[in-house]
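Peer 1: predicted structure and sequence below. I'll ask about it afterward.
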Amino acid sequence: MRLLSALFLSALTLGVLLTGCTPGDAARPPLPSVDDAAKIRAVTLDARRPPEADALQRLKELGATHVTLISFGFQRRFEVPRIRMHTDGGWYSESDAGIHALAQRAEDAGLGLILKPHIWVGDYSAEGQNRSAIAFDTESAWTQWEDDYRRFLMHYAHLADSTEADVLVVGTELDSTVAARPDFWRGLIDSVRAVYDGQLTYAANWYQAYDRVPFWDALDFVGVQAYFPISEADDPSLQTLRAGWAEHQTALRRIAAETNRPVLFTELGYRSVDYAAAEPWTWPRREEARERAPDYEIQSKLYRAFFDRVMPAPWFAGAIVWKWHPAAESDRPLGFTPQDKPAEQVIREGFHRVSTP
């Protein structure tokens, strides 16, 4: 369902015309402008088993334009340059078979597809998931990792092509590799372009990362993992949360202008906990379920502030909500999922607000 490319290019061309500039204006690059109809309104689907028959239709009714699926390559430690692929096992939504099946179900529901491969470092302990620290001391180790990552990513480039995915994310939060090996990334992007003709982005961390990626010009979106702190106040008001976006918006608008690429939030999510505005990146701890009551109001207000302040920006390409589960797996009162919480209705209103002329 390769609809996004035509919509996006049409909207971006209109934005260039409205600025009175041409794409080759080196003195002052035009600020990209994406029409509301072309903005991505996506939800990450995380499923251990095949979702219920109506799961994709529910996302369509939510106002989503795309479903995002995440697959993993596994690296034992950040300094060990080997990546193990596990394409036929694990969770349903991470497997090749599951991705193919969900791609067809998404198309049947009128949804596009985004593929977003990740590297999982370590195990599920507190020491896991330090992929931003992946780096090596020797050239041979770098070469080994680059060979493994290329094999990993090209597998999903071919999968994106065969499933007619609209967007492929070429990497997620691999900050140290981006800084140390930009030529590798440019070469990899060229290789992906040779086999896949959809849109590309890279998912950069919000903190001291997205403004340091040297190859945005080779991609279609500036991708940001958008866990920005919005307010440290206790029980912040909606007005406070809206105001909390001001500094971040200024920086995001600047990177859009500098790169002439619209910004896509490759992840946007808030837990239903009272500190979600101050630390939206903090993952649930098991003991929290016994220590802390869910705060559904702050989760709702945070989404509302996003839709009020960020989604309408002309340089903004859209957002991927983190995340959604099949109904049988969605009983997570403190987790990121908005489903069956007041935040679900806020997202519905926000998605439909963008899609309504």
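Peer 2: Cool, the structure landed. Numbering: from 1, shown residues only.
Peer 1: which residue is the nearest non-sequential neighbour of Phe152?
Peer 2: Nearest non-adjacent residue to Phe152, counting by Cβ to Cβ, 6 or more residues apart in numbering: Gly73, 4.3 Å away. The way it works is simple: take the backbone N, C-alpha and C, and place the C-beta from them, glycine included.
Peer 1: ok, that neighbour to Ala180 distance?
Peer 2: From Gly73 over to Ala180 the distance is 19 Å, taken as Cβ to Cβ, to the nearest Å.
Peer 1: which residue of these two possesses the greater neighbour count?
Peer 2: Gly73 (23 against 12; other Cβ atoms under 10 Å).
Peer 1: could you measure from the more buried one over to Ser33?
Peer 2: Between Gly73 and Ser33 the distance is 36 Å, computed by Cβ to Cβ.
Peer 1: now whichever helix or strand Gln57 is part of: buried residues?
Peer 2: In this assignment (DSSP states H and E), Gln57 forms part of helix 55-62. Neighbour-count burial for helix 55-62, counted by 16 or more other Cβ atoms under 10 Å, picks out Ala55, Leu56, Arg58, Leu59, Lys60, Leu62.
Peer 1: you'd agree the fourth one is up against Glu52?
Peer 2: No - checked against Cβ atoms under 8 Å, the pair Leu59 and Glu52 is beyond contact range at 11.6 Å.
Peer 1: could you please name the strands the helix or strand containing the residue nearest to Phe152 pairs with and the direction of each pair?
Peer 2: For Gly73, the enclosing helix or strand under DSSP H and E is strand 72-75. Looking at strand 72-75 with DSSP bridges, its partner strands are strand 84-85 (antiparallel), strand 118-121 (parallel).
Peer 1: which strand runs longest in the protein?
Peer 2: strand 316-324 (DSSP state E).
Peer 1: can you name every helix or strand that that strand contacts?
Peer 2: When contacts are defined as 3 or more Cβ pairs under 8 Å, 6 or more residues apart in numbering; DSSP states H and E, strand 316-324 sits against strand 40-45, strand 263-268.
Peer 1: now for the first one, which elements pack on it?
Peer 2: Put plainly, it is strand 40-45. Contacts defined by 3+ Cβ pairs under 8 Å, 6+ apart place strand 40-45 against helix 55-62, strand 66-69, strand 112-115, strand 316-324, helix 342-355.
Peer 1: could you give the angle of the first one to strand 316-324?
Peer 2: It stands for helix 55-62. Using axes from the mean of the first three to the mean of the last three Cα atoms, to 10 degrees, the inter-axis angle of helix 55-62 relative to strand 316-324 is 140 degrees.
Peer 1: and the contacts of helix 55-62?
Peer 2: Helix 55-62 has contacts (Cβ atoms under 8 Å, 6 or more residues apart in numbering) with 43, 45, 47, 67, 102, 105-106, 108-111, 324, 326-327, 344, 347-348, 351.
Peer 1: what about the closest residue to Trp142 other than its chain neighbours, neighbour count?
Peer 2: Nearest residue to Trp142, sequence neighbours excluded (Cβ to Cβ, 6+ apart): Phe136, at 4.9 Å. When neighbours are defined as other Cβ under 10 Å, Phe136 has 20 of them.
Peer 1: and Phe136, how far from Arg84?
Peer 2: To Arg84, Phe136 is 17 Å away according to Cβ to Cβ.
Peer 1: ok, the residue positioned nearest the centre of the chain - contacts?
Peer 2: For the chain, Thr266 is the residue whose C-alpha lies nearest the centre (Cα atoms, centre = their mean; 1.7 Å). For Thr266, the contacting residues are Lys116, Val169, Thr172, Thr201, Ala203, Gly223, Val224, Gln225, Ala226, Ile320, by Cβ under 8 Å, 6+ apart.
Peer 1: tell me the SS of the fourth one?
Peer 2: Translated: Thr201. Of the three states, Thr201 takes strand under DSSP: H, G, I helix; E, B strand; the rest coil.
Peer 1: which pLDDT does the model give it?
Peer 2: Note for Thr201: predicted pLDDT of 98.
Peer 1: quickly list what it is bridged to.
Peer 2: Beta bridges link Thr201 to Val169, judged by DSSP bridges.
Peer 1: tell me where this structure has helices.
Peer 2: 4-19, 55-62, 96-108, 139-162, 175-180, 182-195, 238-243, 246-259, 288-291, 296-309, 342-355 (DSSP state H).
Peer 1: least confident of the ones you listed, on average?
Peer 2: Note on these: helix 4-19 shows the lowest mean pLDDT, a mean of 46.
Peer 1: from Arg77, how far out is Lys39?
Peer 2: Using Cβ to Cβ, one obtains 39 Å as the distance from Lys39 to Arg77.
Peer 1: who has more neighbours, the two?
Peer 2: More crowded of Lys39 and Arg77, by other Cβ under 10 Å: Lys39, with 24 against 14.
Peer 1: tell me how far the more buried one lies from Gly223.
Peer 2: According to Cβ to Cβ, Lys39 and Gly223 sit 14 Å apart.
Peer 1: so who does Val213 touch?
Peer 2: Contacts of Val213 (Cβ under 8 Å, 6+ apart): Val178, Tyr202, Ala204, Val222.
Peer 1: should've said Thr163
Peer 2: So Thr163 contacts Ile99, His100, Ala103, Leu113, Leu115 (Cβ under 8 Å, 6+ apart).
Peer 1: nearest to Arg150 among those residues?
Peer 2: Leu115 (16.2 Å; Cβ to Cβ).
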